[in-house]
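Q: model this:
(chains A and B)
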Amino acid sequence: VIAYKFLRSGRLAPFSGLVWPEPDKGWVEAEGELSLCSRGVHACRVGDLPYWIAEELWRVELRDEVVEHELKLVARRGRLVERIASWDRSTQERFSEHCLRRVAYHAAGELRAAGLEAEADLVERTGSSGRPEELGAAATSAASAAAQGGRPARYAGHVAEYVVDAAGWLDEPAGVAYVAARAADARTSLDGGGDPFVLERELQARWLQDELGLEAVEP
Amino acid sequence: VSAFDRRCDDVLDVMTTYLEGHMPPDEHTRLETHIVYCPGCYRFMDQLRATVETLGGLPVEPIGAAERGELVEAFRAAATTAESP
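A: Predicted coordinates for the structure are as follows:
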């Protein structure tokens, strides 16, 4: 099975502390009974990726037993196949910006639902075409105006503050992606079923798949 | 709040259980997905793991029966005091 794995710089696994062998330099193998948590080689399907973002993205080969689990695959053996070079600093910045604009989309929707049309317009406009710092300033201004209103307005202002959080976290794509999912989850005005947090993560996975040209994983 | 979301307080409370490998699989995964984006909790995990590893490498010194008895009594007394209204 070919799947994906995020690692920290230097092929470092963030939780086990293991430095993975370079491609063609060996396999990582779990001993004993496979455990979903501590024993096994962990990897991602495309939909799992937004939950595990780190500096390096690798294509990995999994062998022998491969078990599907919530947010990850667990296998007996795995090896790095190749680093996905297009997940570089530039793509990470574009991903962060995409997530920031999604936070703005949620904030504008919530402001509009609370009757704050002018503030919603401002956040929406800067969210679609402004620079991140302009968006942060627009959201700060909208949150200040919302704080003067009634309870729905104040809540919408609270959602607008997620934009400020996200704008300050652009260097950390994992962080901005999380804030986008939180902003979606904070919406009171979203239509449709499903967990908004999970749906936002699915959108992020689609962005990564399209931009990085990732194939679906078939365990 | 989504079932997939965790807050720092919740994560810190169960970090020892996580490092000892006693956490149910779903909780384990959700804790790790928090650590991915939370530098503070990542640092805490790293420090706690390093502390456990370092202390785990120290030699175990034998304790005398008298000292052991005194310690047990002291713990019992402390527990009784803590339980008092």
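Q: need the residues of chain B near chain A, please.
A: B:1-5, B:21, B:23, B:25-26, B:28-29, B:32-33, B:35-39, B:42, B:49 (CB under 8 Å from any CB of the partner chain). For every residue, glycine as well, the C-beta is placed using N, CA and C.
Q: which of these are buried?
A: B:2, B:4-5, B:23, B:28-29, B:32-33, B:35-38, B:42 (16 or more other CB atoms under 10 Å in any protein chain shown).
Q: List the ones among these that fall in helices.
A: Cross-referencing these against helices under DSSP state H gives B:28-29, B:32-33, B:35-37, B:42.
Q: Put together a markdown table for those, with pLDDT on each row.
A: As requested, these are arranged in a markdown table below (pLDDT from 0 to 100):
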| residue | pLDDT |
| --- | --- |
| B:28 | 88 |
| B:29 | 88 |
| B:32 | 91 |
| B:33 | 91 |
| B:35 | 92 |
| B:36 | 93 |
| B:37 | 92 |
| B:42 | 92 |
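Q: and the two most separated of these?
A: The most widely separated members of those, counting by CB to CB, are B:28 and B:37 (16.7 Å).
Q: Apart from its chain neighbours, what residue comes closest to residue A:52?
A: Excluding the flanking residues, the one nearest residue A:52 by CB to CB, 6 or more residues apart in numbering or on different chains is residue A:6, at 4.7 Å.
Q: tell me the SS of that neighbour?
A: The three-state label given to residue A:6 by DSSP: H, G, I helix; E, B strand; the rest coil is strand.
Q: beta partners for it?
A: residue A:57 (DSSP bridges).
Q: so what's it up against?
A: A:14, A:44, A:49, A:52-58 (CB atoms under 8 Å, 6 or more residues apart in numbering or on different chains).
Q: Just give the closest residue to residue B:12, not the sequence neighbours.
A: residue B:44 (6.3 Å).
Q: Can you list the residue ranges for helices in the chain?
A: As the question left the chain open, I've gone with chain A. Using DSSP H, helices in chain A cover A:89-113, A:117-129, A:132-147, A:151-167, A:173-186, A:196-212.
Q: try chain B instead
A: Per DSSP H, chain B carries helices over the ranges B:8-13, B:15-19, B:25-37, B:39-56, B:65-83.
Q: Identify whichever of those helices lies nearest to residue A:210.
A: Distance to residue A:210, taken as CB to CB, is lowest for helix B:25-37 among the helices of chain B, at 21.7 Å.
Q: list the helices and strands that closest one packs on?
A: If you count contacts as 3 or more CB pairs under 8 Å, 6 or more residues apart in numbering or on different chains; DSSP states H and E, helix B:25-37 packs onto helix A:173-186, helix B:8-13, helix B:15-19, helix B:39-56.
Q: so what pLDDT did the residue nearest to residue A:79 when sequence neighbours are not counted get?
A: With sequence-adjacent residues excluded and distances taken as CB to CB, 6+ apart, residue A:79 is closest to residue A:27, at 4.6 Å. Predicted confidence (pLDDT) for residue A:27: 95.
Q: Tell me how many other residues surround residue A:27.
A: By other CB atoms under 10 Å in any protein chain shown, 15 other residues sit near residue A:27.
Q: could you measure it against residue A:66, distance?
A: 14 Å (CB to CB, to the nearest Å).
Q: swap in residue A:183?
A: In this view, residue A:183 and residue A:66 are 34 Å apart by CB to CB.
Q: Among the two, which residue is more densely surrounded?
A: Neighbour totals were compared for residue A:183 and residue A:66, and residue A:183 leads with 28 against 20 (other CB under 10 Å).
Q: So which residue is smack in the middle of chain B?
A: Nearest to the geometric centre of chain B sits residue B:16, at 3.1 Å (CA atoms, centre = their mean).
Q: sorry, back to before: of the buried ones among the residues of chain B next to chain A, which is the nearest to residue A:95?
A: So of those, ranked by how close each gets to residue A:95 (CB to CB), first place is residue B:37, at 13.0 Å.
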